[in-house]
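Student: Mind looking at a prediction? Sequence and model below.
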Amino acid sequence: MDHNAELGNFLRSRRSRLQPEDAGLTPGAGTRRVPGLRREEVAQLAGVSTDYYTRLEQGRHPHVSEAVLDAVASALRLDDVERGHLRDLTRTTGGSRQSRAHAAARAPRVRPAVHQMLDVLGDVSPVLVVNHRRDVLATNHLAQALITDFDALPYRERNLARFVLLDPAARELYRDWEDVAQVFVANLRLAAGRHPDDRQLNELIGEFCVKVPQFSAWWDSHRVQQCAHGDQRFQHPVVGDLTLHHETLALPADPDQEVCL
């Protein structure tokens, strides 16, 4: 993944969604040739020169201070998730990227205590443990009954995003399939910013580009979102209509793993 291009594309996508009135600016005279804010307007709002912001958007400014990132984020009205994504995209030092790539490549292991937690919750809630790629690392029996038995799938296919986007059963299971699918794409976009050199993640994204007709448009929107919490509506083949609330919990001792229940 070309991180410089990703940074520029993300910034352009964020300024294209803002109108001058949204940012408290008075529109200039004449026809606007670009959607949203112009570069010079973002620079004005961020308190930097137009040349500086242009180089940043073109990926030609290797060292950006936290103060400038905060100013640009505020100018573009970024939310907390988008701000974090912007910082990920500006981390271009070789050491940090290599260490993240090495961490992403390690074989994921779920600690016994986490497995025990899944068992304890087995009569209460469906629970899965996933990593940044949404690889399913562990499940309890309720999760298998609700979604699918990931343990019975070939190892490569034990991925929640793959199930949602590629398995025809997912379109029947999720009553709001398109909304759910777009959230997964936005979450993968967030993961790609944090792990730009993760070969498996990049291969997964490439496969979706080929096999899911809507994927390219969703990906090119540069939407980023965490799968944090919310309600999901299911049409389960056995029990019928279900509306379940889900929460995602980080595991501090395992920073690349999350518990979804």
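Tutor: On my side now, so go ahead.
Student: Let's verify residue 244: helix, strand, or coil?
Tutor: Three-state call for residue 244 (DSSP: H, G, I helix; E, B strand; the rest coil): strand.
Student: so what's the nearest residue to it once chain neighbours are set aside up against?
Tutor: Spatial nearest neighbour of residue 244, excluding adjacent residues (Cβ to Cβ, 6 or more residues apart in numbering): residue 232 at 5.7 Å. Quick note: C-beta positions are derived from backbone N, CA and C, even for glycine. By Cβ atoms under 8 Å, 6 or more residues apart in numbering, the contact set of residue 232 is 174, 176, 180, 243, 244, 245, 246.
Student: again, but for residue 161
Tutor: Neighbouring residues of residue 161 by Cβ under 8 Å, 6+ apart: 133, 134, 184, 187, 188, 204, 208.
Student: quick one, strands of the stretch 151-261 of the chain?
Tutor: Taking DSSP state E, counting those that start in this stretch as the test, the strands found in the stretch 151-261 of the chain are 229-236, 240-250, 257-260.
Student: which of the residues in the shortest one are buried?
Tutor: Think strand 257-260. Judged by neighbour count using 16 or more other Cβ atoms under 10 Å, the buried positions of strand 257-260 are 257, 258, 259, 260.
Student: filter the contacts of residue 161 to the buried ones?
Tutor: Among the contacts of residue 161, those scoring as buried are 133, 134, 184, 187, 188, 204, 208 (criterion: 16+ other Cβ under 10 Å).
Student: so residue 260 sits right up against residue 246, yeah?
Tutor: Yes. Counting by Cβ atoms under 8 Å, residue 246 is a contact partner of residue 260 at 6.3 Å.
Student: returning to what we had before: of the buried ones among the contacts of residue 161, which belong to helices?
Tutor: Using DSSP state H, the subset of these located in helices is 184, 187, 188, 204, 208.
Student: Between the residues you listed, which sits nearest residue 114?
Tutor: Comparing those against residue 114 with Cβ to Cβ places residue 187 closest, at 20.7 Å.
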